[in-house]
Every structure is written in structure tokens, then in C-alpha cells.
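K.L.:
Output the structure for:
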Amino acid sequence: MALLSGWLLAASAVLVVTGYNQLEAAGVPSRLGVAWVFALVAGVVMVLGALEARKRLDSTWYWTKPDLNG
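P.N.:
Numbers count the residues shown, from 1 in each chain. Okay, here's the model as predicted:
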């Protein structure tokens, strides 16, 4: 879930910049701001963290620890 959230957060930063470029191309005065930078950095951090967590995931815990299955 964190991997998907990270990708969507990073994509939102790209969409903000794309929207700003389209507004400027249409002649609408606008300001970009810096919030997209934080969204991009947070998205990249979430994606990298989720990829590292996936490496540590032990998919066999269900079979190796049957006492934890309830």
C-alpha cells in the first residue's frame, strides 16, 4: 500500500507542474510555489521505503509459525 501511495504522491507533483505549464501557456497568470517539491520528495521516500520493506518481507511466516495464525 505504501508503494502505491508513494507513486501516486510523486505523480501528483508531476501533475501540478504540468498544470502550471498549461496555465502559463494559456496566458493565465499563476505561481507554481514549492509544495510540489515536498510532494515529490515524500513520494520518492515512500517508494524507496516500500521497496526496502518488500525485500525484508518473509512470505513464509504463515507456514513457519503456525502458532501465530490464530
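
K.L.:
all contacts plus neighbour counts: C-alpha atoms, from now on.
P.N.:
Noted.

K.L.:
and stretch 40-51, which residues are buried?
P.N.:
40, 42-47, 50 (16 or more other Cα atoms under 10 Å).

K.L.:
Give me the subset of those that lies in helices.
P.N.:
In helices, defined here by DSSP state H, the members of the buried residues of stretch 40-51 are 40, 42-47, 50.

K.L.:
And those, which two are furthest apart?
P.N.:
Leu40 and Ala50 (15.4 Å; Cα to Cα).

K.L.:
still on that earlier bit, dump the ones in helices among the buried residues of stretch 40-51 to CSV, plus pLDDT and distance to Gln22.
P.N.:
Formatted as CSV, these follow (pLDDT from 0 to 100; distance: Cα to Cα, whole Å):
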residue, pLDDT, distance to Gln22
Leu40, 93, 19
Ala42, 94, 24
Gly43, 94, 23
Val44, 94, 24
Val45, 95, 28
Met46, 94, 28
Val47, 93, 28
Ala50, 89, 32
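
K.L.:
In contact with the nearest residue to Leu9 once chain neighbours are set aside, which residues?
P.N.:
Nearest in space to Leu9, with sequence neighbours left out and distances taken as Cα to Cα, 6 or more residues apart in numbering, is Gly43 at 4.9 Å. The contact partners of Gly43, taken as Cα atoms under 8 Å, 6 or more residues apart in numbering, are 5-10.

K.L.:
chain center to stretch 40-58: distance?
P.N.:
Taking the mean of its C-alpha atoms, stretch 40-58 sits 9 Å from the chain's own mean (Cα atoms, centre = their mean, to the nearest Å).
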